[in-house]
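**Q** fold the following for me, if possible:
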Amino acid sequence: MKYKLILLLISISIAYAGYTQTEEPVSIDSYRKIPGVKFIDTISESFITGELMINCTFTGLIVRLDPNMSYKKYDFTCVSKTKIGQGTWSIFNNRMLELKNENSRKLYDIIQYDSYYFFVELAERKKFISALKDKTTGRSLNTEYLAKQPPGSPTR
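**A** Have a look, this model is predicted:
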């Protein structure tokens with residue numbers, strides 16, 4: 001009986017250890033291995049101020065970064081725009097966008113690809129890198145990830 005109990009406890013421990021293992025985070029160096037991708041090491045507040053957008057043609061999401069370090073988040077359709085959140089923003093470690101509100105804090109890598117700057121949430125890093133390796137265009141990535149086109153960039 002004693003051995004059965006020990007065996008049961010060992011089995012539970014092994015099962016629990018396997019269940020709780022998390023996926024290894026993807027390194028920022030992974031961006032540097034993809035042709036055409038420029039990882040932004042330093043960013044300025046003046047560059048980042050303005051609208052970041054996920055654009056699915058008739059619907060999407062806008063994050064408006066104001067010069068006073070506040071942001072507003074909007075859902076939009078072809079006929080309306082609705083405010084869905086707000087908070088503060090900052091530049092974290094000279095290279096990442098940080099969005100904070102009363103309930104959460106999110107960090108975004110800033111990546112230049114095609115004629116866009118993409119703001120990729122850390123939890124989405126692996127998925128974004130996978131999409132880049134599939135030779136996806138910047139315009140198609142803009143339907144899933146926050147992006148900004150620099151002034152004077154060609155619209156495709």
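**Q** pLDDT on the lengthiest strand in the chain, on average?
**A** Criterion DSSP state E: the longest strand present in the chain is strand 81-92. Looking at strand 81-92 alone, the average pLDDT works out to 94.
**Q** check which element follows it along the chain.
**A** Once the chain leaves strand 81-92, the next helix or strand it forms, by DSSP states H and E, is strand 96-100.
**Q** for that next one, give me every contacting residue.
**A** Strand 96-100 is touched from outside by 43, 48, 63, 65, 71, 87-92, 105-110, 119, with contacts defined as C-beta atoms under 8 Å, 6 or more residues apart in numbering. In this view, the C-beta of every residue, glycine as well, is placed from N, C-alpha and C.
**Q** ranges for the helices of this structure?
**A** For the chain, applying DSSP state H gives helices covering 2-20, 29-32, 45-48, 125-133, 138-141.
**Q** so which elements touch the third one?
**A** On a contact count with 3 or more C-beta pairs under 8 Å, 6 or more residues apart in numbering; DSSP states H and E, helix 45-48 meets strand 81-92.
**Q** likewise for the second one?
**A** In this structure, helix 29-32 makes packing contacts with strand 37-39, helix 125-133, judged by 3+ C-beta pairs under 8 Å, 6+ apart.
**Q** distance between that helix and the chain's centre?
**A** Taking the mean of its C-alpha atoms, helix 29-32 sits 15 Å from the chain's own mean (C-alpha atoms, centre = their mean, to the nearest Å).
**Q** got the buried residues for that helix?
**A** In terms of neighbour count (16 or more other C-beta atoms under 10 Å), helix 29-32 has its buried residues at 30, 31.
**Q** C-alpha coordinates for it, PDB please?
**A** What follows is the C-alpha trace of helix 29-32 in PDB, where atoms were taken according to Å, rounded to 0.1, in the frame of the first residue of the first chain:
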ATOM      1  CA  ASP A  29      17.600  38.200 -31.800                       C
ATOM      2  CA  SER A  30      15.200  36.000 -33.800                       C
ATOM      3  CA  TYR A  31      14.100  39.200 -35.700                       C
ATOM      4  CA  ARG A  32      17.700  39.800 -36.800                       C
END
